[in-house]
Structure formats: structure tokens, C-alpha cells
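Trainee: Provide a 3D model corresponding to the input given below.
(2 chains)
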Amino acid sequence: DTAVSQTPKYLVTQMGNDKSIKCEQNLGHDTMYWYKQDSKKFLKIMFSYNNKELIINETVPNRFSPKSPDKAHLNLHINSLELGDSAVYFCASSPETYNEQFFGPGTRLTVL
Amino acid sequence: DAKTTQPPSMDCAEGRAANLPCNHSTISGNEYVYWYRQIHSQGPQYIIHGLKNNETNEMASLIITEDRKSSTLILPHATLRDTAVYYCIVRVPDSSYKLIFGSGTRLLVRP
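Mentor: Below is the predicted model:
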């Protein structure tokens, strides 16, 4: 059973489009995260949600909007995509101890 | 969160121990040391964490100096599958504390 899953795995789109990436975890965790890994391989947190409530919002453009319909899902919607949004996006979740974060396989977004 | 300093790259022979150092001289009393790794094209994977005592699990051992200003991750018998980027992170285990990834150490395990 996949613990943290993301769809799609690859996403190629044109500038200006709106796209969503979905994330689901079946670990029963209350906290979920989105990270961005750019072409230089730096991994940076974007958002975290705890029990559907936004906890961390890291100076991400407001074109990025996370949505948590329930605590097992944290989707990322991106409006008006730009070339600089090309990256690998990772979803993660953590249990109440916050010691481990379990990462999904990533979604490679390419904006043309 | 405290900054960490790691060598950019290391290598070791398959079957030998890999010792990955990390400096965190500004660590505060309530911050833990965490290690993650990222195998090529995969999501990061948690390895181990500790506060001040040495820790061991099925993947690795973590040795933290008495003054807590540095630590070493030990992979006792490295395999080719351990080739990855290893990240040392210090943080407080709380929902509002971010996991801040630096540039890590790229470990190459040679056959």
C-alpha cells in the first residue's frame, strides 16, 4: 500500500494555464506538507496543513493555493503557470510527534 | 532553525561503513538532529533522529557529540542502494517548525 501518493507523476503544460496536483496519504496523519524542489535540487517547504488548517505558508505567490478537503488529502492548485514554476513538487505527511515526514514520489511539472 | 554544515560529497566502498558528518554549532537546547536522504528522483526518506543520546535503528546510527555541536550519521555496511544525497537538519518537532533542507552530502557508494 502506498503511504503518500501523488497524481499526476508528470505534468507538462503551457504558460498561463491552471493546473492541480493531488496528494493523498493513508497513514492517518493530521499534518501534510507541500515542498518544491527546483532545478538546482534545493528542497523548500511551501505549505503545511494540520487537520485541514493552514499552519505554514512560506512566501509562496498567491497563484499557489493549497486545498485540504479532509485530513487525508492536500491538493495544490496553481493558477497562471509561469516558466519558473517548473520543478518537482513533493507532498509529505507527518504523525503527531512531528519526528518523521513521509514523502510522496513527487510530481515533475514542466511549464513550456 | 539552526544552520547545518555538511561536506558536499563523500564516497565509500560497498560493504564498508559510511560516516557522514554534520556541524550544527548554533543548535539550541530543544532542537533535535534529523537525518533524511534522497535517492535520485525519489522523495526524501527519513533515516533517524536524536536529541543528545546516540541512536540506532535498522538503517543507521546517529552519534551526537556531548556539546551537541556536531553529529555523525553512520551507515554500518553501505550498499550501492545507499548512494543518495544525505541531509542533516535541526529543528524542534512541532507542527509550526519547518524542515529546512540544505544542500546535503552526496554519498557515492563504490562497488
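
Trainee: residues near the closest residue to chain B within chain A, how many?
Mentor: Using CB to the nearest CB, A:Phe103 is the residue of chain A that sits closest to chain B, at 3.1 Å. Bear in mind the C-beta positions are built from the backbone N, C-alpha and C, glycine included. Other residues near A:Phe103 number 23, with proximity taken as other CB atoms under 10 Å in any protein chain shown.

Trainee: Show me what it is bridged to.
Mentor: Applying DSSP bridges to A:Phe103 yields these beta-bridge partners: A:Ala92.

Trainee: That one touches B:Gln45, doesn't it?
Mentor: Yes: using CB atoms under 8 Å, A:Phe103 and B:Gln45 qualify as a contacting pair, with a distance of 7.0 Å.

Trainee: Let's see the pLDDT reported for the residue of chain A closest to chain B.
Mentor: A:Phe103 carries a pLDDT value of 96.

Trainee: same check, this time on A:Lys52
Mentor: According to the prediction, A:Lys52 has pLDDT 80.

Trainee: What number of residues are in the vicinity of the closest residue to it other than its chain neighbours?
Mentor: Taking CB to CB, 6 or more residues apart in numbering or on different chains as the measure, A:Lys52 lies nearest to A:Ser68, with 4.5 Å between them; neighbours along the chain are not counted. In terms of burial, A:Ser68 registers 18 neighbours under the definition other CB under 10 Å.

Trainee: what do you get for A:Lys22?
Mentor: Other residues within reach of A:Lys22, judged by other CB under 10 Å, total 16.

Trainee: Could I get the contacting residues of the residue nearest the centre of chain A?
Mentor: Most central residue of chain A, judged by C-alpha distance to the mean C-alpha position with CA atoms, centre = their mean, is A:Trp34 at 3.3 Å. Residues counted as contacts of A:Trp34 (CB atoms under 8 Å, 6 or more residues apart in numbering or on different chains) are A:23, A:45-48, A:66, A:74, A:76, A:89-92.

Trainee: Quick one: name the residues of chain B near chain A.
Mentor: Chain B has residues B:32, B:34, B:36, B:38, B:41-46, B:49, B:85, B:93-101, B:103 near chain A, with proximity defined as CB under 8 Å from any CB of the partner chain.
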